[in-house]
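>>> No sequence on hand, only this structure:
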């Protein structure tokens, strides 16, 4: 079983290159199958979720050709199967974007109910509401979401709650619907904008992405093209907090600083120095971290996917901090592992963590409960006294490319180990 072996204590110093955004790449790959022409997509991250998605698309007849580690050529002209029920596909959330893509293109789709990290209820009710508003009949049978329509017609859709996945899925399907679709209370996240930009590059007519009202005028068909995916704001934020926690000096490259404003604001608030340039951000942590209050919110608020990393930092800050999770109800499952490392955190009501800062973490054997919490626990281990063994790293591999290698290049003492012998070698090497 693969694990990370970590000896804490080294500040992270140097430059790190950020990969493409997983949460933009998944729906863009699905949407690429809506045209019968060839689409070239660049800057896709080489992570497990993306590779599962590509394998799934290949299995249903999409021509998939890797043209490089971070680029792919797709052609959806010969899709043979509109039922997506791969066992591996159940493990990723992004599979449901094929529902919107195929409903738009073929007016029919069957897709297995999605999986992903267990961080709370991430229902698909808003997706189904949107598809029904466009004229589709949607049922859930035998573990599959089945959607069918004689024709899709534009509609005025008000989202009951802000949902990134539903906004994207409805937008994808509406691209090939007749007439105008208006999505109100839509999500504003950068990857929503990126999907809209991709669709427009293929001939769609999507306006207003990045605001709370998106207007989509349906077109008869999409064409091929080339597109480059935006950088991953969550990977960037993770390394920014890694610098903060380890008292480091890290320049995070290939980013869009505008997408990181809420993260940057909190780092400044807790006492870090942050310097921005056109496509990079430098974080220097040379002073004691200070307490603060954080509430997760839809973009442009503080991201829920950065909440565990924030908590790891605040558990080492002076004073008492409060972190409130307003998006997912099971997002504090990792707190028990942090307490095992010496943190003083109490979770109240399931959505609020009261954090009294401690002087240090200490190494322990810990288990990763989900993707973002996994990255946060690794950050904690990097600053802990002694050795830490991190189990469940398959969650981290879902969304971070070369995570431990990038950390090694910044000076972290971290190694991928599979046996006790590997671990002992690591201990001898780092002393």
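Alright, I've got the coordinates. Values in this document were obtained by computation on a predicted structure and should not be read as measured data. Numbers count the residues shown, from 1 in each chain.

>>> starting at the chain centroid, how far to the host helix or strand of residue 264?
Secondary structure assignment for residue 264, by DSSP states H and E: helix 261-269. Relative to its chain's centre, helix 261-269 lies at 19 Å (C-alpha atoms, centre = their mean, to the nearest Å).

>>> Please identify the buried residues of whichever helix or strand residue 53 is part of?
Assigned by DSSP H and E, residue 53 belongs to helix 48-59. For helix 48-59, burial by neighbour count (16 or more other C-beta atoms under 10 Å) applies to 48-54, 56-57, 59. Where C-beta positions appear, they are placed from N, C-alpha and C, glycine not excepted.

>>> ok, the residue nearest to residue 324 when sequence neighbours are not counted - contacts?
Residue nearest to residue 324 in three dimensions, not counting chain neighbours: residue 295, with 4.3 Å by C-beta to C-beta, 6 or more residues apart in numbering. Residue 295 makes contacts with 301-302, 323-324, 326, as judged by C-beta atoms under 8 Å, 6 or more residues apart in numbering.

>>> and if we set it to 10 Å?
Residues in contact with residue 295, defined by C-beta atoms under 10 Å, 6 or more residues apart in numbering, are 301-302, 307, 322-327, 351-352.

>>> quick revisit: would you reformat the buried residues of helix 48-59 as TSV and include pLDDT and distance to residue 370?
Listed next are the buried residues of helix 48-59 as TSV, based on pLDDT from 0 to 100; distance: C-beta to C-beta, whole Å:
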residue	pLDDT	distance to residue 370
48	93	14
49	93	13
50	96	18
51	95	19
52	93	17
53	95	19
54	96	23
56	93	22
57	95	25
59	92	27
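
>>> which one of these sits closest to residue 141?
Using C-beta to C-beta, the shortest approach to residue 141 within those belongs to residue 56, at 20.0 Å.

>>> rewinding a little: please name every helix or strand in contact with the helix holding residue 264.
Helices and strands touching helix 261-269, by 3 or more C-beta pairs under 10 Å, 6 or more residues apart in numbering; DSSP states H and E, are helix 233-245, strand 273-276, strand 280-284, strand 293-295, helix 307-314.

>>> and if we set it to 6 Å?
strand 273-276 (3 or more C-beta pairs under 6 Å, 6 or more residues apart in numbering; DSSP states H and E).

>>> Parallel or antiparallel, which strands does the strand it packs on pair with?
Using DSSP bridges, strand 273-276 pairs in its sheet with strand 280-284 (antiparallel).

>>> Contacts for the strand it pairs with, please.
Here strand 280-284 makes contact (C-beta atoms under 6 Å, 6 or more residues apart in numbering) with 240, 243, 249-253, 255, 257, 272-275.

>>> likewise stretch 161-173?
Against stretch 161-173 from outside (C-beta under 6 Å, 6+ apart): 27, 31, 97, 100-101, 103-104, 126-127, 130, 183, 186-187, 189, 192, 195, 298.

>>> Which ones among these lie within strands?
The members of these that map onto strands under DSSP state E are residue 183.

>>> could you flag which of the contacts of stretch 161-173 are buried?
Those of the contacts of stretch 161-173 that meet the buried threshold are 27, 31, 97, 100-101, 103-104, 126-127, 130, 183, 186-187, 189, 192, 195, 298, by 16+ other C-beta under 10 Å.
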